[in-house]
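Visitor: Predicted model, plus sequence, below.
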Amino acid sequence: MVAPDALTGALARAADAGQLSAAARELAATAVPVFPCVPGGKRPLTEHGFHDATTHPEAVAAWWRQHPAANIGMSTGTASGVVVVDVDVHGPVNGFDAFGRAHEAGLVDGWQLLVSTPSGGMHAYYPAAPGGGQRSWQAARAGVDFRGDGGYIVIPPSVVAGDRGSASYRVRQISTGHVSTLDSDRLRDFLDPRPAPAPRAAGRVREVSVERLAAWVAGRAEGERNRGLFWAACRLAENGTPPADTYAALAPAAEHAGLTMREVSATIRSAYRTTHPAPRPSVDRSAAGPRRVPDHAAGRVLS
C-alpha cells in the first residue's frame, strides 16, 4: 500500500521519466503496484489482469522489456491503498456536471490528486478507507464511475490512441490541502438514487411501488443493468412478491434496458435465492458410518 504523499511524488517523477518502462520501474520502486496494458490502450496484458499487479522490480522490468511501449495499469482499492472517482465525457453525458453537484454537496472533498484523461475526463484520487470494503461501481447515467476493490485504472504517463489521435494521462493538480477518505456509498446514492419504498403503516409489512421499481430498472445503463435488476428483485422478494409476479413486473423493463431473457431469469432467480436461501438439510452422522476420505485428499494431508 502506497502512502498518499509517496504516490503523488512517484507520479510526478514518472511523468518526467520519458519512457513508459522507466516510469513503471519508478512507480514500483515507490510501492505502487503496477501491471502492463496494451500499447495505446487499457486492456491488461497479463494473464490475470490487475490481479497480477506487483511492486517486484524484476517482474516489472521483465514485463516492460517484453513490451516497451506498454501502458501502465494500477489496481485500486485495498491492493494499492488508492481509490479513484472516474469522471467521463462521452457524447451527451458530461460527468463533470455530476461531479460538480457532488462537490457542492461536500461528497468529493479531500482528493489528493487530479489526473486529466485522454478522453477529456478526469481521475480524482483518494486514500482508500482503512479496512477496505469500497467496491467498484458505475453510475453511467451520471457519467461517473468509482474504481475501488475489484478495479484498476491506467495512470500517467500512459498514452491512449483514439479517433482524434493519441493523448496521454497527465497530472492536472496536486492537493495542497487536507486529504481524506471518500464515502463511496454516499456518493453512489447521491449520483444514482434508488427508488424509495412506500411509507410503512404501523404493524404492516413495508410495501414497495412496483411501477417505480420497473421504471428505475428500465433506465439503467450498461454496467448498471444486472445490479439494478438484482436490487429491485430483492426488494420485491423481501416484500413477499411471488417470483412469477416479479418476473412479469421487471422483465420487460430489464429487457428494455438491454438485458437478454436468459440474463433476466438468472438474475431474478439469484435474487430470490439470496433473499430466501433454502434450508440446509440436517445429517445424522451417527448413523452414516465412518466417512471415507478420497485417496487424493488423504495424500495431500499425509504428505
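Guide: Alright, I've got the coordinates. Numbers count the residues shown, from 1 in each chain.

Visitor: Tell me what R135 is bridged to.
Guide: D149 (DSSP bridges).

Visitor: I figured it hits R147, correct?
Guide: No: at 10.1 Å, R135 does not count as touching R147 under the criterion of CB atoms under 8 Å. The way it works is simple: take the backbone N, C-alpha and C, and place the C-beta from them, glycine included.

Visitor: Now the common contact residues for those two.
Guide: G77 (CB atoms under 8 Å, 6 or more residues apart in numbering).

Visitor: Between these two, point out the one with more neighbours.
Guide: R147 (25 against 14; other CB atoms under 10 Å).

Visitor: Was I right to think that one contacts V84?
Guide: Yes: counting by CB under 8 Å, R147 touches V84, with 4.3 Å between them.

Visitor: where does this protein dip in pLDDT?
Guide: Applying pLDDT under 70 to the chain flags the ranges 1-5, 15-18, 196-208, 278-303.

Visitor: tell me what the strand or helix carrying Q138 is packed against?
Guide: Element membership for Q138, per DSSP states H and E: strand 137-139. Contact partners of strand 137-139 among helices and strands, from 3 or more CB pairs under 8 Å, 6 or more residues apart in numbering; DSSP states H and E: strand 144-147, helix 184-191.

Visitor: contact partners of the longest one?
Guide: Contact partners of helix 184-191, identified using CB under 8 Å, 6+ apart, comprise 83, 85, 98, 101-102, 105, 107-108, 129, 134, 137, 139, 142, 144, 146, 148.

Visitor: who wins for most neighbours among those?
Guide: V144 (28 neighbours).

Visitor: Would you map the helices across the stretch 201-303 of the chain?
Guide: Ranges of helices within the stretch 201-303 of the chain are 210-218, 225-238, 243-257, 261-275, 295-302, based on DSSP state H, counting those that start in this stretch.

Visitor: Same list (the ones you listed) but as CSV, adding distance to N94.
Guide: Below are these laid out as CSV (distance: least, CB to CB, whole Å):
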stretch, distance to N94
helix 210-218, 22
helix 225-238, 22
helix 243-257, 22
helix 261-275, 29
helix 295-302, 56
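
Visitor: Tell me which of the ones you listed lies nearest to Q19.
Guide: Proximity to Q19 (CB to CB) singles out helix 225-238 among those, at 39.8 Å.
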